[in-house]
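Participant: Below are the sequence and a predicted model; questions follow.
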Amino acid sequence: MHRVQARINGKDYEHEVEARLLLVHYIREKARLTGTHVGCDTGNCGACTILYNGKPVKSCMLLAVQANRAEITTVEGLAGNGLHPVQEAFLNRFAVQCGYCTPGMLLSASSLLESNAAPSEAEIREALEGNMCMCTGYQQIVDAIKYAAETMRASTGKSL
Amino acid sequence: MMNLDEIFVTRNWVGKSVRRDEDIRLIKGEAAYVDDLDMDCAHVAFLRSVYAHARITKIDTSKAEALPGVIAVVTGPEVAKQTKPIVARAITQPAIQYVMADKKVRYVGEPLVAVAAVDRYIAEDALELIDVEYEPLPVVVEIADALKKDSPLIFEEAGSNVLLHDTLEHGNMDAAYQEADLVVKEHFRVHRYSSTPLETWAMIAKHEKGNDSFVVWANDQQPGRSTANVCNTLGIPNNRFRLIVPDSGGGFGIKLAIWPHIVILCLLAKKVDKPVKWVQTRREHLLGGSHAPDCDVEIELPMKKDGKILGLFIKDIENDGSFVHTAGIYGLIKFATMVGCYDIRATRAELLSVVTQKGPTVQNRGVGKPTMIFVLERMMDIAAKKLGLDPVEIRFRNFIQPKQMPYTTPSGEIYESGNYPECLQKALSLSGYDELKKRQIEMRKNGKYIGLGISAGIEPGTSNLGYYYTSRGVPEYMGNAEGAIVSIDYDGNVNVVMGSVDQGQGHATTISQVIADMLDIHPERVSVDSHLDSLVSPFLGHSGAYSNKFNDVDLGAVIMATKKVRDKMVRIASHVLGVETGGLQVKNGAVCSRKDEQKSVSFQEIASLAYKKILLLPEGVEPGLKEIAYYKNPMAKLPSRDDFNVQITHSNSVHVVAVEVDVETGEITFLKYVIVHDCGKQLNPGIVEGMTIGSTVHGIGAALLEEFVYDENGQPLSASFMDYMKPLAGGLPRIELAHMESPCPYTLLGTKAVGEGGAIGSVAAVANAVEDALSPFQVKVVSLPITPQKVVKAVKETKEI
Amino acid sequence: MIPSKFEYFAPASLAEAVSLLSKYQEEAKPLAGGQSLISLLKLRLASLKYLVDLAGIAELNYIREEGAGPSGTISIGALTTYAQIKESKLLQSKCPLLPQTASVVGDVQVRNRGTLGGSLAHADPAGDMPAAILALKAELKAVGPQGERWIQADDFFLGMMETALSPDEILSEIRVPVLPDHKMIYRKAARRPSDFAMVGIALCLKARDDQTCEEISIGVTGVTDKPYRAEETEKRLRGKKLEPKIIEEAASAITEGVDVMENMHASQDFRSHLARVYVSRAIAAAGIRS
């Protein structure tokens, strides 16, 4: 057994875990943050996407032991109080149907907008290559991210 | 369609893109899918067959049972002893299959042993300790193998691998052939694919030892039928089984078939003193979580030289794999709307369901219609080419005309409304079809091959569940209906409980829009629980989410229950205000006098009488403000082979697609994608748009990427999302969507089906576009999916995809 | 879909990692970004007793230029991620093939976690980075109990997921030459952009103003059980004018001497065909003066 200390959404967690425990199971079952989902076995679907030390990764492709001293953000911690602009945009642009891919999509999208304030449609689609959605056909998700970029630029006063 | 003034008191919400109520939880990660439920559970893993066909000679679970952490084990043979075989719906041959493999295995992935352990990790470890001995049997994979005279039998008792063989003829086909100038024939092969919801099947079963009953939480898509099936299979009374459906991460039909696993979980739960949980792995899902069957379709169009089609013959052979429950239904559904958008007065459908050693099949988004429209719309192009007609022109010459509506097809399907020629016209102009045609000629000069594809499709909704009368005599279910409970609470707010379930379609929002306009309140005052609980929800055998029935019968039930509540409130208000009910109106969350709006009593005050000051209620009025209603669509016909409607509403759409094909690499790039869609009245265009685009992408995936591939031993080669290729965000077209509105006269709000249409029209449109692009190479598209390899091979050698 | 049990070590230094590997030999495996290995463990296609996680070894993550001018090189620590390679200004200006190739590996999440060293040591027959490494004629530093040794890229890939590394060696650094005046291109045929390559062609080409090919090296992936150099194709181009006929003839040799793989996405014939088309297109694109 290994001791894991991780900071998830600003809160410290500490558990004894088996070496083989996947990080996604740690987050869901030990930290009881169930917004991070499992949709495949092979690291393809991205439903388990989290921000790991600030960058989107698939939490089913990491071991919990590896996350010792890591800084993690899950969908539950994406916004403080209220909603992140990307969440607002998903609401307003019908980017959610069943909601299962949504947490991963939100984290990928927020990370993209962090590094690129005005992504093109092609850049948005590339940023979502690791997140599968079976409901929407992606279009309204892409539109929501464009819209979020606009609102974020407007609120920070940045123009193109 | 009802007089809308009888339903609505305002028109503030219905028809608007009201933001989805349910999304707040979903975007915050606060949804509660089955796997998220906070319960102390044992965890289940399945050992599944590694052979496609084999006799089981030994199952030894002793080592697994001895592994610390393992709590209970059940094997297929044990389960078979305790259960009845799986009920078959459509097939006519006897075929006995249990929910787990009994004496032999029939496909790779068939459940053999279920293990419950303290956690999923140990459960999976235990699987490796189970010793199974198999005696391999000869394997049947493809339709042609199954039909061979000396083919090994998958179900010996059936005497054949064909479990259903029926021919349905309507109109005079012989005359059609006699009058024809020519008969255009083709043979198509359509592959296996599936809509693979992102959340796999998931369930928790708990056995209540006290009264020997079960509570199950599962993401079941058709709880009405599943409840009956589970109880029958377990041989337990209905009142010993309670099903709860929490949030569900996508369905598309694939979660209609989870009930056999519920049976297994219940048996396991009996052995364990806490709930047992199983979440299907993606591999399990792709192996045995159900597919749309692959099929082999021969088609003939007797026609006149001017392009007029006189009759339509199909011989449709479905490879239903090994799952007797739903085998045979695809052909029956396909046949119902086989004429598509065309005025064809004679049809003959020869339908076969064969079993093979591929995985189970179930109703996947569109159920057979994507294939039917694919073959029919391919035939329109092929016939046009034969006759030297433009593909647009041949469609115009055969369309059912608006003045023919309502139009009854030869078999009795009633197309209620629609303007098919205008829909095509609109799609052509929106796509810039003529310009694209010119560009095609220009680009060919530079060695670039672009192609245009059109498809016109019907998207039926609300199945009349008696459709398998054709094969089995009197069906167990008929017609279609749904139930709803609507109540006003102490605060005068509205609460709704549904018999149907939601997998992402936004039912709650749509329901709240309808009720808001019926009671003149803000939709936020309507709270909809779209989670079913069989103990409290008003469900029927029909209950569930399938065949686009929601905005027909589900909303019908909501409207009827709301009307009952509204009428009761008006009656109470009449007593309070001393005004005749006829002189009252519902306005702004209150009931008031039409003459003097000051004379008013709020819903909250009415509720206070109904729930608390019950002595002040008028004579004969019961306390409480909760009403239940069931609504059945009035148009469903009684089962008959001669005149029957399999579906009740009929949306339609035209897809126009432009693609560029790189003939050296086989890569296909989208240049344009336009849909004109007519689903009658739209209640929430934002939701309609999302479902239409989403289902279109399902069709694009089916046309170009996705395929369940099996080798000659029946081993699946596409058991992960690495090899079972779903469309991703890149590489997809931007889909432009426009609407027409031909209200349905047979639904209360004039709505029709929404949800499957994109998946139905897109497959054909993409295939037609690819063939058009490759026309300089005389390539014909008669199979799916259209892969780069097939494109290159066809261009270079075979001339056929 | 859960790994079997194993013991886990997180050494803080390369030396410590090597000593663990030399202790457990074949029963141990080093873990870099894990984007392939963890998947294999979950599917229980790979099993091992000891997992040596290299992620904590900070000394293996760097990109730096060594020496200046035409003979200069760039050294890349094995644990440098695809994302870091993609974003590296140094590589973008001095060795654009690597960022170009890294940018089409998997998806964003994979690129944030997966590493150059991991990709090479895993030696997936359809991996992207190995093709680029071959085309660049990179040198690979292996560190083992006996110290370090350098392996030429050409000698590194031995077969299906098999490399010249011994079980107790760790790939620690990749050194690529700075090749001014070379055109560099990576082209990949894949069903979807983020998929493994059905065929991937990495190309370094130096052409004179008159379109004569002065120097060329081609790395090929996705075609056979290991990534390889297309030596016959290179030979047919060196010193020749890059004209369509010559290119076509050279491209026809792209799978010469190679046992072409087959799977559900591409038959032998189709894969060979794709390799010819892709190499022709890559050469044609690179041969054009900018």
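Facilitator: Cool, got the structure.

Participant: Looking at the helix or strand harbouring B:Ala759 now, give me its mean pLDDT.
Facilitator: Using DSSP states H and E, B:Ala759 sits within helix B:757-773. On average, the pLDDT along helix B:757-773 is 95.

Participant: Say whether chain C is contacted by it.
Facilitator: No - applying CB under 8 Å from any CB of the partner chain, one finds helix B:757-773 separated from chain C by no less than 15.3 Å. No exception for glycine: its C-beta is placed from N, CA and C like everyone else's.

Participant: just checking, B:Pro293 touches B:Tyr330?
Facilitator: Yes - at 5.6 Å, B:Pro293 and B:Tyr330 qualify as touching, with contact defined as CB atoms under 8 Å.

Participant: Could you check which of these two is surrounded by more residues?
Facilitator: B:Pro293 (33 against 28; other CB atoms under 10 Å in any protein chain shown).

Participant: And the pLDDT for the more buried one?
Facilitator: Looking at B:Pro293, its pLDDT reads 97.

Participant: again, but for B:Gly473
Facilitator: If you check B:Gly473, the pLDDT there is 77.

Participant: again with C:Ala58
Facilitator: C:Ala58 is assigned 88 on the pLDDT scale.

Participant: what packs against the helix holding B:Ala759?
Facilitator: Applying 3 or more CB pairs under 8 Å, 6 or more residues apart in numbering or on different chains; DSSP states H and E, one finds that helix B:757-773 makes contact with helix B:369-387, strand B:449-463, strand B:647-661, strand B:668-678, helix B:685-704.

Participant: between these, which one is nearest to chain A?
Facilitator: Counting by CB to the nearest CB, chain A lies closest to helix B:685-704 out of the helices and strands packed on helix B:757-773; the figure is 3.2 Å.

Participant: Which positions within the longest helix along chain B qualify as buried?
Facilitator: The residue-count maximum for a helix in chain B (DSSP state H) belongs to helix B:555-577. By 16 or more other CB atoms under 10 Å in any protein chain shown, the buried positions in helix B:555-577 come out as B:555-566, B:568-577.

Participant: after it, next one along is what?
Facilitator: strand B:584-587.

Participant: Please name the residues that touch the residue nearest to C:Tyr24 when sequence neighbours are not counted.
Facilitator: Leaving aside its chain neighbours, C:Tyr24 sits nearest to C:Tyr50 (4.5 Å; criterion: CB to CB, 6 or more residues apart in numbering or on different chains). Residues in contact with C:Tyr50 (CB atoms under 8 Å, 6 or more residues apart in numbering or on different chains) are C:6-9, C:20, C:24, C:27-29.

Participant: send the alpha carbons of the helix holding B:Ala759 over as CSV?
Facilitator: Extracted in CSV, the C-alpha atoms of helix B:757-773 (Å, rounded to 0.1, in the frame of the first residue of the first chain):
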residue,chain,number,x,y,z
GLY,B,757,-33.9,11.6,-38.4
GLY,B,758,-30.3,12.6,-38.8
ALA,B,759,-29.1,9.0,-38.4
ILE,B,760,-31.7,7.9,-41.0
GLY,B,761,-30.9,10.4,-43.8
SER,B,762,-27.2,10.8,-43.5
VAL,B,763,-26.0,7.3,-44.3
ALA,B,764,-27.6,7.4,-47.7
ALA,B,765,-26.6,11.0,-48.5
VAL,B,766,-23.0,10.4,-47.7
ALA,B,767,-22.9,7.2,-49.8
ASN,B,768,-24.6,9.0,-52.7
ALA,B,769,-22.1,11.8,-52.5
VAL,B,770,-19.2,9.4,-52.6
GLU,B,771,-20.5,7.5,-55.6
ASP,B,772,-21.1,10.8,-57.4
ALA,B,773,-17.6,11.9,-56.7
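
Participant: That one vs strand B:449-463, what angle?
Facilitator: Put simply, helix B:757-773 runs at 160 degrees to strand B:449-463, going by axes from the mean of the first three to the mean of the last three CA atoms, to 10 degrees.

Participant: correct me, but A:Ala109 touches A:Glu88?
Facilitator: No - taking contacts as CB under 8 Å, A:Ala109 lies outside contact range of A:Glu88: 11.8 Å.

Participant: Looking at those two, which is more packed in?
Facilitator: Higher neighbour count among A:Ala109 and A:Glu88: A:Ala109, with 30 against 18, using other CB under 10 Å.

Participant: Let me know the secondary structure of that one.
Facilitator: The local conformation at A:Ala109, judged by DSSP: H, G, I helix; E, B strand; the rest coil, is helix.

Participant: for it, what are its contacts?
Facilitator: A:Ala109 is in contact with A:86, A:124, A:127-128, A:141, A:144-145, A:148, counting by CB under 8 Å, 6+ apart.

Participant: burial measure for the closest residue to chain C within chain A, as a count.
Facilitator: Nearest residue of chain A to chain C, counting by CB to the nearest CB: A:Gly130, 3.0 Å away. A:Gly130 has 26 neighbouring residues, counting by other CB under 10 Å.

Participant: do the same with the one 5 residues further on
Facilitator: Counted with other CB under 10 Å, residues neighbouring A:Cys135 total 32.

Participant: part of a strand, is it?
Facilitator: No - under three-state DSSP, A:Cys135 falls outside any strand and is assigned coil.

Participant: if I look at it, how far off is A:Asp143?
Facilitator: According to CB to CB, to the nearest Å, A:Cys135 and A:Asp143 sit 15 Å apart.
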